[in-house]
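Enquirer: Need a 3D model of the sequence below.
(2 chains)
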2 protein chains.
Amino acid sequence: MTIYDISEKAGVSIATVSRVLNGSSSVSEKTRQKVLAVMEKYDYTPNAFARGLGLNTMNTIGILCPDSSDLYLAKAVYYIEQKLRDNHYDSLLCCTGYALENKQKCLNLLLSKKVDGIILVGSDFVNETFEENNYIREAAKDVPIMILNAVLDCPNVYGIVSDDYRSVYEATSALLSSGVKDILYFYNANTYSGKQKLSGYQAALKEYGLPVVPSLIQFYDGPHEDISAMIQALQDASKNGTAFHGVITSDDTLALAALKYAVQNNLKVPEDFSVIGYNNSFITVCCNPELTSIDNKPETLCGELIHMLMEVLSGNSVPSKTVFSGEIIKRGTTRF
Amino acid sequence: MTIYDISEKAGVSIATVSRVLNGSSSVSEKTRQKVLAVMEKYDYTPNAFARGLGLNTMNTIGILCPDSSDLYLAKAVYYIEQKLRDNHYDSLLCCTGYALENKQKCLNLLLSKKVDGIILVGSDFVNETFEENNYIREAAKDVPIMILNAVLDCPNVYGIVSDDYRSVYEATSALLSSGVKDILYFYNANTYSGKQKLSGYQAALKEYGLPVVPSLIQFYDGPHEDISAMIQALQDASKNGTAFHGVITSDDTLALAALKYAVQNNLKVPEDFSVIGYNNSFITVCCNPELTSIDNKPETLCGELIHMLMEVLSGNSVPSKTVFSGEIIKRGTTRF
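Expert: Below is the predicted model:
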């Protein structure tokens, strides 16, 4: 018996059940009595209530992350754990890899450890088909699920996302305005977030009355730290397709490869060739010139995610989707 | 009652108790009977035995890491989790931060989740004083503890280390041989591993009949991604102390800062100025010229660590300390 079942049987929302548990005055007495009656009937001891009584809770949150060696994800996990600690919560992290089967297994492992909530770090956890997301829906019947960088329409699941569409739209527009018209889009993920980014690139081109050229959209699916393979992919694109004098990427590592590609081909950056990365990670300041990149504010996102989780655990209602804007951080690889 | 207590009461080593549990034929019948008698007396059901019977075990290993946003540690965690999964073990990770209190708390959290073993990732977990390491000794009475990059002399604790002393000794010797005599050592940690590295630098200078100049040993204790602060520390060292034309660092980020310091001061690298980093991390190939760095083989170390843990959990005996050699990866910041 979960808070989900109670809401279903009482015919009210989960937020309302939470408010009842929390003793909120914004619930009518009639509704309150209905919810309490269902709880009594099914002998339900809710988590949040139990927490208030110091029962049945470990003050522990489970975190799933596909790959701790990914710079962006590792940083996000770091922020999330710090902020949980600030809120007197412990955290248990499972690195799942990218296979659905392992994601499911790890999620169940964390649930078996009686965590009070689950945080999914990164848009990789939300899949294409309805069935492939059932593992999240099932878990949401037990505990609240927070997703960083993706959304899933399901009760007790909350998405905190950066507006990746808008960020890439603005980066592409800025590059077009600075006079670079032949821009290649270089990306490595078809996740929720990945699709938003690609749409932003396409929308900006259309806005400027330019065609979307298929050969200028390059998907890289090699190992994610293999710079040589990324450079090779750009060399191949250059040989087979239309010329390009700018590259916008879905990730700073791809942008670093684009910068190295330019150096290898004696293209002056930013005079003859522009590059914009994504994530504003540490590697943007490792190279020369330093990389212009989109900061999607992971610390802000993670802070809000934990704030919302604490609200949910206290029985307060929060929006199911929260969107933040990114920001272009201008450095040496662009003329604007 | 733990395997540690049994070994104490039976007056035999933990390894012998393990061998008895594992039915090894290398234990004398007399010893075997003695150990079994103690177990019977205290009604002891050992973990390894229980595992064999499918009882009382979750096939889960707890991992502690101080900071998942540290490039080197994140990579190590990644290898460890992959290898655990290959061995059909799940893992639960806690990122502890650097405060002893939180390390203790996280360790106890993992023990409360009934993990079969604990892995401490990085030499930060082993402290200066005996008392500060009691939290590890206590935990080792319950489950085996594996430490990456540090050692602690205690039953049921196993250290897997890279020979940091030898690696820095060899790097310093190579730089001296290439004609750079005024080498600054730039480091950021006084851990077990940090001390080994510094000793290696000092030993190489002595070997070459050169004095160890205190102003050429620079400790950096600012934020670990603040390149500007690191460059400033080198500028200050240059103003206040002896001149230097080479820098050996305990970490690639410090080496990147040394390279940027050289560029800012119009020193040609490697002709007029040499730099050697440590960890052979991704950032070594982000800059230009690319960084010469010491590869301390984290994948090999982690592989051996898991191999040893599996042996311990099977009741086999393994060495309490295992040492691997590192290797200098030559790139563009050195003349050799």
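Enquirer: Now do the helices for chain A: every range, in order, please.
Expert: A:3-10, A:14-21, A:29-41, A:47-52, A:71-86, A:100-112, A:134-140, A:164-177, A:192-207, A:227-240, A:252-264, A:298-313 (DSSP state H).
Enquirer: what's in contact with the last one?
Expert: Contacts to helix A:298-313, defined as Cβ atoms under 8 Å, 6 or more residues apart in numbering or on different chains, come from residues A:18, A:47-48, A:51, A:61, A:72, A:75-76, A:79-80, A:83-84, A:87, A:116-117, A:119, A:144, A:146, A:148-149, A:156, A:158, A:160-162, A:279, A:317-318, A:322, A:324. The way it works is simple: take the backbone N, C-alpha and C, and place the C-beta from them, glycine included.
Enquirer: and chain B, which of the residues you listed contact it?
Expert: With the criterion set as Cβ under 8 Å from any Cβ of the partner chain, the members of the contacts of helix A:298-313 near chain B are A:Lys75.
Enquirer: Pull out the buried members of the contacts of helix A:298-313.
Expert: Neighbour-count burial (16 or more other Cβ atoms under 10 Å in any protein chain shown) applied to the contacts of helix A:298-313 gives A:18, A:47-48, A:51, A:61, A:72, A:75-76, A:79-80, A:83-84, A:116-117, A:119, A:144, A:146, A:148-149, A:156, A:158, A:160-162, A:279, A:317-318, A:322.
Enquirer: sorry, back to before: least reliable of the helices of chain A by average pLDDT, please.
Expert: Ranked on mean pLDDT, the bottom entry among these is helix A:47-52, at a mean of 43.
Enquirer: Could I get the phi/psi values of the residue nearest to A:Gln82 when sequence neighbours are not counted?
Expert: Once flanking residues are discounted, A:Gln82 sits nearest to B:Gly97: 7.5 Å by Cβ to Cβ, 6 or more residues apart in numbering or on different chains. Note on B:Gly97: its backbone torsions stand at phi 70, psi -170 [degrees, to the nearest 10].
Enquirer: Cross-check the contact I'm expecting between B:Gly97 and B:Pro66.
Expert: Yes. Counting by Cβ atoms under 8 Å, B:Gly97 touches B:Pro66, with 6.2 Å between them.
Enquirer: between these two, what contacts are shared?
Expert: Common neighbours of B:Gly97 and B:Pro66 (criterion: Cβ under 8 Å, 6+ apart): B:Lys103.
Enquirer: So for those two, which residue has more residues nearby?
Expert: B:Pro66 (21 against 18; other Cβ atoms under 10 Å in any protein chain shown).
Enquirer: which residues touch the spatially closest residue to that one that is not a sequence neighbour?
Expert: When the adjacent residues along the chain are set aside, B:Pro66 lies closest to B:Asp124, with 4.8 Å between them (Cβ to Cβ, 6+ apart). Going by Cβ under 8 Å, 6+ apart, B:Asp124 touches B:66, B:98, B:189, B:191.
Enquirer: what does the stretch 101-250 of chain A put close to chain B?
Expert: So the stretch 101-250 of chain A meets chain B at A:102, A:105-106, A:109, A:112-113, A:225, A:227 (Cβ under 8 Å from any Cβ).
Enquirer: Just the buried subset of these, please.
Expert: Here, 16+ other Cβ under 10 Å leaves A:102, A:105-106, A:109, A:113, A:227 buried among these.
Enquirer: tell me the two of these that are most distant?
Expert: Farthest pair in these (Cβ to Cβ) is A:Lys113 and A:Ile227. Separation: 38.6 Å.
Enquirer: so who does A:Thr284 touch?
Expert: Neighbouring residues of A:Thr284 by Cβ under 8 Å, 6+ apart: A:252, A:255, A:277, A:290-293, A:329, A:331.
Enquirer: Of the contacts of B:Asp124, grab the buried ones for PyMOL.
Expert: Command for PyMOL that selects the buried part of these, burial taken from 16+ other Cβ under 10 Å:
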select buried, chain B and resi 66+189+191
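Enquirer: So which of the contacts of B:Asp124 are in strands?
Expert: Among the contacts of B:Asp124, DSSP state E puts none in strands.
Enquirer: OK, contacts around the residue nearest to A:Gln82?
Expert: Contacts of B:Gly97 by Cβ under 8 Å, 6+ apart are A:82, A:85, B:66-67, B:103.
Enquirer: With A:Gly246 instead?
Expert: Per Cβ under 8 Å, 6+ apart, neighbours of A:Gly246: A:175, A:180, A:182-184, A:273-276.
Enquirer: Weed out the non-buried ones from the contacts of A:Thr284.
Expert: With burial judged by 16+ other Cβ under 10 Å, the buried subset of those is A:252, A:255, A:277, A:290-293, A:331.
Enquirer: Surely A:Tyr72 touches A:Phe282?
Expert: No. Checked against Cβ under 8 Å, the pair A:Tyr72 and A:Phe282 is beyond contact range at 10.1 Å.
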